[in-house]
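>>> Dropping a prediction and its sequence here:
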Amino acid sequence: MLQTFKLLSITRTFAFFLVLLAAIGQVKASEPSSSDAKIVALAYDISKGALYKASRNSLFQSLDNGQKWRRIRLPSVFDNSANVVSLITPAGGKNTIYLAGRDLGIFRSENSGESWTAADKGIPNKQIVSLAAHATLAETLYTVVADKNIYRSEDAGNSWQLMDEGPGEIRLLKHTNMKGSMKTGWLFAVTASGVQRAMDCFCLWRQAGDFKGKITDLVYNPQIPEHIYIATENGLMSSQDGGETWKQRMSPESHVTTLVYIPNGVIFGAANDGTLFRRLDDTETWERLGD
Amino acid sequence: MTRICLKVLIGILVASAGMIPDRPLKAELEVTPIEQGRKIYRQQCAACHGLNGEGKQEWKRPNKQGELPAPPHNHTGHTWRHSNTMLFNMIQDGWRDPFNKTGRLTMPAFRNVLSPGEIRAVIEYLKSLWTSEQIEFQELENVK
């Protein structure tokens, strides 16, 4: 009888530890792990006040400006070998997120990541180089595919139309609502030879700045679209005249590779070691967030 | 007498018939918008954009003052990317490239030079310089 009781007790204790281990595993799975360290893109949903960060194969959401993060479940195609290149939210946010990458194509979630649908019908292949949201039209998107061409969707990614060959091999594409366009805004393309810009009618690509180093991201102030920031391998630079002239800016202690400009003028930057930084409006000081 | 009258009548008819070629036919009176547009284009636009819409040679490169040379309007340019409304507004009101370092308009306004009908005729002429694919693209832009 005593032996049976002891056996039961041991079994219970063992079961308790098993449950505890499983729970720890679950917690680990919902927080960024070391494999998620390198952040490839940041995005901000204005409608929800949500900051998002993506690694090559994972996505996290923060509702407290980067203090705590919640992992968002992704489709199985985002396995360990996935290669996310772009994370965007459309104009107005609307709880919508797009993720795109090499071999992945484009995925859209309209419920902050609860469910996902493919949004790349009409694009010749799934080798997405970059995905950009129109600055003011929520359903208009632009993408650069590995064939080097630029495609546009005006129905939230349900269909795509070939628009232009672009200015050369594009690494990154962004749309801004800077004034002076014949159409609705301007496209900025980061290429091997620096930044190129064109009105969004794809009328004429022109050089915007002369950079020697590699540019890893380009963002603009949504309230003053002429104010542009770029992350380069030589640190951060900014332009206050739509890319005509650039000057070196103060950079955080770690090398920032991706940025997001949120409506109140705050910029978040992520370093290649996964560290997140924040710069308040009109300051040169970057504050480190989290651990 | 009747024979004489008949001969005179025939003579008048023949003479009248001979006059017909000297008078413009109805079809000739109705000049197509493309033709009208071509004439206006050659008077008002060709000096900058080229006699056949070929534009300036270095049109992709801003000059030292940041001004863009006149682009082509034929299939090698980007005019076909714009809707009728946008083209109309551009011709009527002009347009200034924001990176132009002079105070001038990049494209001058023709509000006081061309009537709305003449502007529309010029646009019709420009369309005759595009490929069928470009015309198809522009038609889609028109319905947006």
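On my side now, so go ahead.

>>> Skipping adjacent residues, who's closest to residue 60 in space?
If you meant another chain, say so; for now it's chain A. Beyond its immediate neighbours in the sequence, the residue positioned closest to A:Phe60 (CB to CB, 6 or more residues apart in numbering or on different chains) is A:Trp69, lying 4.1 Å away. Glycine gets a C-beta too; all of them are placed from N, C-alpha and C.

>>> You answered for a different chain; I wanted chain B.
The shortest distance from B:Lys60 to any residue other than its chain neighbours is 6.0 Å, reached at A:Leu204 (CB to CB, 6+ apart).

>>> quick revisit: counting neighbours, what do you get for the residue nearest to A:Phe60?
21 (other CB atoms under 10 Å in any protein chain shown).

>>> Now do it against A:Leu59, distance only.
Summarising the geometry, the distance separating A:Trp69 from A:Leu59, computed by CB to CB, to the nearest Å, is 10 Å.

>>> re the thing from before, the residue nearest to B:Lys60 and A:Asp120, how far apart?
Counting by CB to CB, the gap from A:Leu204 to A:Asp120 is 28 Å.

>>> Which of these two has more residues huddled nearby?
Neighbours were tallied for A:Leu204 and for A:Asp120 using other CB under 10 Å; the higher tally belongs to A:Asp120 (24 against 19).

>>> hey, which helix or strand in chain B has the poorest pLDDT?
Among the helical and strand segments of chain B, the one scoring lowest on mean pLDDT, DSSP states H and E is helix B:2-19, with a mean of 53.

>>> go on, chain A?
Within chain A, confidence by mean pLDDT, DSSP H and E is lowest for helix A:2-30 among all helices and strands, at a mean of 47.

>>> pretty sure the residue nearest to B:Lys60 belongs to a strand, no?
No. With DSSP: H, G, I helix; E, B strand; the rest coil as the criterion, A:Leu204 is assigned coil and is not in a strand.

>>> got the contact list for it?
Taking CB atoms under 8 Å, 6 or more residues apart in numbering or on different chains as the definition of contact, the neighbours of A:Leu204 are A:Ala198, B:Lys60, B:Leu68, B:Pro71, B:His78.

>>> Among the residues you listed, name the buried ones.
When these are checked for burial by 16 or more other CB atoms under 10 Å in any protein chain shown, the buried set is A:Ala198, B:Leu68, B:Pro71, B:His78.

>>> Can you give me the neighbour number for the closest residue to chain A within chain B?
Of all residues in chain B, B:Pro98 sits closest to chain A, at 3.0 Å by CB to the nearest CB. Counted by other CB under 10 Å, the residues lying close to B:Pro98 total 16.

>>> Check B:Phe137 too.
The local packing of B:Phe137 (other CB under 10 Å) involves 17 other residues.

>>> Skipping adjacent residues, who's closest to the residue in the stretch 101-250 of chain A positioned nearest to chain B in space?
In the stretch 101-250 of chain A, the residue found nearest to chain B is A:Gly180; the distance is 3.0 Å by CB to the nearest CB. Taking CB to CB, 6+ apart, and ignoring the residues beside it in sequence, A:Gly180 has B:Pro98 as its nearest neighbour in space, at 3.0 Å.

>>> same check, this time on A:Gln207
A:Gln196 (6.0 Å).

>>> isn't the one you found right up against A:Asp164?
No. A:Gln196 sits out of contact with A:Asp164 when judged by CB atoms under 8 Å, with a separation of 11.5 Å.

>>> If anything else comes up later, I'll come back, but that's it for now.
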